[in-house]
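Chemist: Any chance you could fold what I've pasted below:
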Amino acid sequence: MEFLSVLWLPILLSAVFVFVVSSILHMVIPIHRGDYDKLDNEDELMAAMREKGLKPGTYMLPCPGSMKEMGSPEMLAKYKEGPVAFMTVFPNGAPALGKNLIQWFLYSLLISAIVAYVAWFALDDTARRKEVLQIAGVVAVLGYGLADFPTSIWKGQKWTTTAKFLFDGIIYGIVTAGTFVWLWPSH
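Modeler: Have a look, this model is predicted:
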């Protein structure tokens, strides 16, 4: 755990910098405005869901009870008829933006700590800036940029949305790597 005592400042500052940059990307630049589609019959669908007492959770439509049932003629007919969907239902009320922002910052701290861990064992205090940039950048991009790929693979998120999050992740990786280069112990 020595790496934490030596690299605590780049861990903390890179998380802060990523938090600021992500706020700019999501609030100022309109890149993510088209990530979600609005249903034409939103009000009717929401009313039906309320009427059925839908609780917060993650749902799959249709949802087979087992792998065997997934291939049954009845389930295949449901898939064919559609709709086929994955859906996350949140608790009622306005989105908990404060909680989400805290969790995002904690996630950024985790990524930065992982970057520090890998860099600490891959490099030493004589590492050149280029080496710190390469190791820190690759690890950070892996953590930030590839996180949404399984959502497109398994849950049908549009690949264009995943590509936008990959773009964000590359930016966050550059910010993280730059911070580690700037504050690496040999400099």
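
Chemist: Okay, now the unreliable bits of the chain?
Modeler: 187 (pLDDT under 70).

Chemist: tell me the centre residue of it?
Modeler: With distances taken as C-alpha atoms, centre = their mean, Ala147 lies nearest the centre of the chain, 5.0 Å away.

Chemist: Roughly how far does that one sit from Leu166?
Modeler: For Ala147, the distance to Leu166 (C-beta to C-beta, to the nearest Å) stands at 9 Å. Where you see a C-beta, it was placed from the backbone N, CA and C, and this is true even at glycine.

Chemist: What of Val175?
Modeler: 15 Å.

Chemist: quick one: the nearest residue to Phe167 once chain neighbours are set aside from Gly145, how far?
Modeler: Leaving out its chain neighbours, the residue that sits closest to Phe167 by C-beta to C-beta, 6 or more residues apart in numbering is Ile31, at 7.4 Å. In this view, Ile31 and Gly145 are 14 Å apart by C-beta to C-beta.

Chemist: just Pro30 next, same as before
Modeler: 20 Å.

Chemist: Between those two, which is the more surrounded one?
Modeler: Gly145 (19 against 9; other C-beta atoms under 10 Å).

Chemist: Work out for me the element the residue lying closest to that one once chain neighbours are set aside sits within.
Modeler: Closest residue to Gly145 apart from its sequence neighbours, by C-beta to C-beta, 6+ apart: Gly169 at 2.5 Å. Per DSSP states H and E: Gly169 is located in helix 159-183.

Chemist: ok, now Ile153?
Modeler: Applying DSSP H and E, one finds Ile153 within helix 149-155.

Chemist: what residues are up against the residue nearest to Gly145?
Modeler: Going by C-beta atoms under 8 Å, 6 or more residues apart in numbering, Gly169 touches 140-141, 143-147.

Chemist: which of the residues you listed count as buried?
Modeler: Buried by 16 or more other C-beta atoms under 10 Å: 140-141, 143-145, 147, out of those.

Chemist: Among those, name the ones in helices.
Modeler: 140-141, 143-145 (DSSP state H).

Chemist: what's near enough to touch the closest residue to Pro91 other than its chain neighbours?
Modeler: Distance criterion C-beta to C-beta, 6+ apart; nearest residue to Pro91, sequence neighbours excluded, is Pro56 at 4.9 Å. Residues counted as contacts of Pro56 (C-beta under 8 Å, 6+ apart) are 89-91.

Chemist: Give me the buried positions along the strand or helix carrying Asn100.
Modeler: Applying DSSP H and E as the criterion places Asn100 in helix 97-122. In terms of neighbour count (16+ other C-beta under 10 Å), helix 97-122 has its buried residues at 104, 107-109, 111-113, 115-120.
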